[in-house]
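>>> requesting a structural model of the entry that follows:
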Amino acid sequence: MVQLGRHFGRGPASLTEIAAEEDLPRAYLEQLAMGLRDAELVVSTRGAHGGYELARPPEAIRMSEVLRALEGPIAPMICASDDPEHATTCDRTASCTVNILWVRVRDAIAGALDGMTLADLVPLRPRPIDLAVEPAAATSQPVLSGAVTRS
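Coordinates of the predicted model:
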C-alpha cells in the first residue's frame, strides 16, 4: 500500500515492480491485492500497462481499513474483537474479569490506526537521519550531534 501511495496519481503500478521494490514474492502480493480490492481500497486494470492503484487518495485511507482488509477484525483476543460476530465466540465474555483489559487494548490499537492514514507512511522526501553527523569544532573528525566533548 505504501508503494501504491508513492505511485498515486501516476496510473497503475504492476505487482512485479512492487515485488522487486519490496523484495516480496509476487504471488504473495497477489493474495494481498485481492483482499485490498475486495475492501475497495485498490482498483485493478488489466492489460500491458495494467496493475493496481489506490481507489482513493492516500490521505483518505485510514490504516485501520488496511489492517482490517489484510488481517480481519482488530482483536488482541477473540473475545475482544471489534467484529460483533467474532466477539460472541466466547461464552465467558460476560463474566470474564480480564475481558475489559483486552477491550481497552483493542480500542487503543484501533484508535492509533484510525488516527493514521496511508499518507502518513508515504513520505514526500526521504526521512532525515536521526543521528546527524556534524564536524567537530577543533578537529576534522565528525562527532554525533549532542555528544559530550571534554577538553
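
>>> need the contact partners of the strand or helix carrying A119.
According to DSSP states H and E, A119 maps onto helix 118-121. Residues outside helix 118-121 that contact it (C-beta atoms under 8 Å, 6 or more residues apart in numbering): M1, V2, G5, L54, P57, P58, E59, I61, R62, M63, V66. Quick note: C-beta positions are derived from backbone N, CA and C, even for glycine.

>>> tell me the contacts of the most centrally placed residue in the chain?
By C-alpha atoms, centre = their mean, the chain has its centre lying nearest to M63, at 5.7 Å. Listed by C-beta under 8 Å, 6+ apart, the contact partners of M63 are L113, D114, M116, T117, L118, D120, L121.

>>> where does pLDDT dip in this structure?
In the predicted model, the chain carries pLDDT under 70 at residues 84-89, 93-94, 124-151.

>>> show me the domain layout of it.
Each domain of the chain is listed here as a residue range: 1-55, 62-123, per automatic domain parsing.

>>> and the lengthiest helix in the chain, what does it pack against?
What stands out as the longest helix in the chain, according to DSSP state H, is helix 99-114. Applying 3 or more C-beta pairs under 8 Å, 6 or more residues apart in numbering; DSSP states H and E, one finds that helix 99-114 makes contact with helix 63-71.

>>> where do the strands sit along the protein?
For the chain, applying DSSP state E gives strands covering 42-45, 51-54, 133-135, 142-144.

>>> related to what we said a few turns ago, buried among the contacts of helix 118-121? Make that a PyMOL selection.
When burial is assessed using 16 or more other C-beta atoms under 10 Å, the buried subset of the contacts of helix 118-121 is captured in PyMOL by this command:
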select buried, resi 1+5+54+58+61+62+63+66
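
>>> Throw the contacts of helix 118-121 into a markdown table and include distance to G72, thanks.
Shown next, in a markdown table, are those (distance: C-beta to C-beta, whole Å):
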| residue | distance to G72 |
| --- | --- |
| M1 | 16 |
| V2 | 21 |
| G5 | 22 |
| L54 | 21 |
| P57 | 25 |
| P58 | 23 |
| E59 | 25 |
| I61 | 18 |
| R62 | 16 |
| M63 | 15 |
| V66 | 12 |
